[in-house]
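Novice: With the input below, show me the fold.
(one chain, ligands or ions: 2)
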Amino acid sequence: MKIEIPREVDRFGAIRFYGLQKVFELDSGIREDSSADQIATVKQIPYEDYYEIQKEMAIVVPIRNERLRLVEGVLCGIPHKCLIIIVSNSPRGPIDRFKMEEEALNNFCTFVNKKAIIAHQKDPHLARAFEKTQYASILNKNGEIRDGKAEGMIIGTILAWLAEKKYIGFVDADNYFPGAVEEYVREYAAGFFMSSSRYAMVRIAWQSKPKIIEKKLFFRKWGRTTENTNRLLNKFLSHYYGFESELIKTGNAGEHAMTMDLARCLDYSSGYSVEPYHIINLVEKFGGIHESPLPEVMKEGIEVYQIESRNPHLHEAGDREHIEEMSYVAMQAMYHSTVCPEKLKKEIFKDMVKQKYLSREDKPPQPNHFPALYSIDTKTFFEEIKTAPYAKTIKEGGL
Ligand code: GDD
Ligand code: MG
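Specialist: Ligands and ions are numbered 1, 2, ... in the order given. Prediction:
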């Protein structure tokens, strides 16, 4: 892959947010093709290097009730060396959708000769493991793991950690283009290749999202939710910088990856608020506004890469209500943050009222908050899940 080096960087405490990077060539060959005449503004990531990174990477696919055809396409786009972890919250009745997903995954694994993990979000082993490790905030009043994409991501993260993976990436299960999935994973590896910190995050911005408008295919760049969330995050960062910045382009990036070292250090926020919240939480923990709970991470520094993918992004279209909800929860996550400036809080509230999300008398709801995973005792966690079918694929070594 050939990728432009970041042209801009915004420093916030110990965090370096890099500007959007363009991909010039998806496959730029092996190491010996990286000729001496490389230009300083473009970085080559030789095939061998991203292959090595992918060997240590888990790709988590959160699923709730997606069409199997789409899921199969996504699986086919995930590079062979990555460990696939499906976390499903699909219904178990009247039709057992999870069983169908399990069968599809097993079938895929037989053909491509690899092992993968599939777990259900409501699996009682997992619920017990979280309870035993003092992480009960993820459970609902019935003692089950709560619904939500972020809740599924937390499960995926801990399973990848138990499987001793160094990197973790997320891809949605409803992507129509397997080639796009493959590209995202390559870009995750490219980000980690460029990073010199153990604490790195890579977020994907799609170059286009095709839509049919007036019977013609139109390649739209930014959706409304993405625009709103990016504007909100940029306003927040600009407040502290004291100069206006538009650097954040990936506020809603469902497709993103982290080093496991960083994934363990970040708090999570429920459902679809998790992507903007990860940026907010970086600032809460490492922005230098509050004393950091993890001074050793502060010392090393955190790098956030934003890479613009080349494939168009086409997924199952959500209805208007779903899209509005995504915008609203991003606002809630920002509003309730301990680092949200008062002025911005007022603006967000005004906007919520204007958009008719709530009335002037209401208080904005707060998304559920889940603490960072680093304090979880992995031995105890594994002890609780060791009889679950997916535990066989998780290596016990090192625990
Ligand atoms: N395990 C699990 N549990 N998975 C879930 C759940 C859940 O409760 N809810 C949804 N998912 C899965 C979906 O099946 C899909 O694979 C993925 O999470 C994203 O959910 P979608 O419902 O398809 O979200 P979206 O397409 O509207 O939004 C996506 O893109 C946004 C950026 O435009 C998501 O990735 C958002 O998080 C992202 O901000
Ligand atoms: Mg989707």
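Novice: Q366 in helix, strand or coil?
Specialist: coil (DSSP: H, G, I helix; E, B strand; the rest coil).
Novice: What is the neighbour count of it?
Specialist: Residues lying near Q366 (other C-beta atoms under 10 Å) number 13. Every C-beta, even on glycine, is put in place using the N, C-alpha and C of the backbone.
Novice: G318 now?
Specialist: Using other C-beta under 10 Å, G318 has 14 other residues around it.
Novice: Give me the pLDDT for E316.
Specialist: E316 carries a pLDDT value of 78.
Novice: wait, what's in contact with it?
Specialist: Counting by C-beta atoms under 8 Å, 6 or more residues apart in numbering, E316 touches E66, R67, L70, D174.
Novice: Once you drop chain neighbours, what's closest to the residue of the chain found nearest ligand 2?
Specialist: For the chain, the residue closest to ligand 2 is H315, as judged by C-beta to the ion, at 4.0 Å. Nearest non-adjacent residue to H315, counting by C-beta to C-beta, 6 or more residues apart in numbering: D174, 4.6 Å away.
Novice: ok, how many other residues are close to the one you found?
Specialist: For D174, the count of nearby residues is 21 (other C-beta under 10 Å).
Novice: Kindly report the same for A200.
Specialist: Using other C-beta under 10 Å, A200 has 24 other residues around it.
Novice: E144 too?
Specialist: 15.
Novice: which residues are in contact with the helix or strand containing I3?
Specialist: Assigned by DSSP states H and E, I3 belongs to strand 2-4. With contact meaning C-beta under 8 Å, 6+ apart, strand 2-4 is reached by 21-25, 28, 41-45, 187, 190, 194, 307.
Novice: For the residue nearest the centre of the chain, give me its contacts.
Specialist: In the chain, the residue lying closest to the centroid (C-alpha atoms, centre = their mean) is H256, at 3.9 Å. Contact partners of H256, counting by C-beta under 8 Å, 6+ apart, are G169, F170, Y188, M201, V202, R203, I204, T250, E275, H278.
Novice: of those residues, list those near ligand 1.
Specialist: Among the contacts of H256, the residues that sit close to ligand 1 (C-beta under 6 Å from any ligand atom) are E275.
Novice: Give me the subset of the contacts of H256 that lies in strands.
Specialist: Those of those mapping onto strands are G169, F170, M201, V202, R203, I204, per DSSP state E.
Novice: quick one on the thing from earlier: and the residue nearest to the centre of the chain, what pLDDT?
Specialist: Taking H256 on its own, its pLDDT is 97.
Novice: How about the one 3 residues further on?
Specialist: With respect to pLDDT, T259 has a value of 98.
Novice: which residues touch it?
Specialist: Contact analysis of T259 by C-beta under 8 Å, 6+ apart lists K166, Y167, F192, S195, R198, Y199, A200, M201.
Novice: which of the contacts of E316 count as buried?
Specialist: E66, L70, D174 (16 or more other C-beta atoms under 10 Å).
Novice: Using TSV, lay out these together with pLDDT.
Specialist: As requested, those are exported to TSV (pLDDT from 0 to 100):
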residue	pLDDT
E66	95
L70	94
D174	93
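Novice: give me the subset of those touching ligand 1.
Specialist: Okay, of the buried ones among the contacts of E316 touching ligand 1 (C-beta under 6 Å from any ligand atom), that's E66, D174.
Novice: who's in contact with whichever residue of the stretch 51-200 of the chain sits closest to ligand 1?
Specialist: In the stretch 51-200 of the chain, the residue that lies nearest ligand 1 is G152 (2.6 Å; C-beta to the nearest ligand atom). Under the criterion of C-beta under 8 Å, 6+ apart, the neighbours of G152 are V60, P62, I63, R64, V87, S88, N89, Q121.
Novice: residues from the protein in reach of ligand 2?
Specialist: The chain has residues D174, H315 near ligand 2, with proximity defined as C-beta under 5 Å from the ion.
Novice: burial of the closest residue in space to S270 that isn't next to it in sequence, as a residue count?
Specialist: Among residues not flanking S270 along the chain, N368 sits closest, at 3.9 Å (C-beta to C-beta, 6+ apart). By other C-beta under 10 Å, 16 other residues sit near N368.
Novice: again, but for K211
Specialist: 14.
Novice: just K346 next, same as before
Specialist: By the criterion of other C-beta under 10 Å, K346 has 11 neighbours.
Novice: Now do the phi/psi pair for it.
Specialist: phi -60, psi -40 (degrees, to the nearest 10).
Novice: and what of S327?
Specialist: Dihedral pair for S327: phi -70, psi -40, per degrees, to the nearest 10.
Novice: show me what contacts the residue lying closest to G287 once chain neighbours are set aside?
Specialist: Nearest-residue entry for G287: G13, 4.0 Å, with adjacent residues in sequence omitted and distances by C-beta to C-beta, 6+ apart. Neighbour list for G13: V283, F286, G287, G288, I289, M298 [criterion: C-beta under 8 Å, 6+ apart].
Novice: Hmm, the third one is touching Y240, no?
Specialist: This points to G287. Yes. Contact criterion C-beta atoms under 8 Å: G287 and Y240 qualify, at 7.5 Å.
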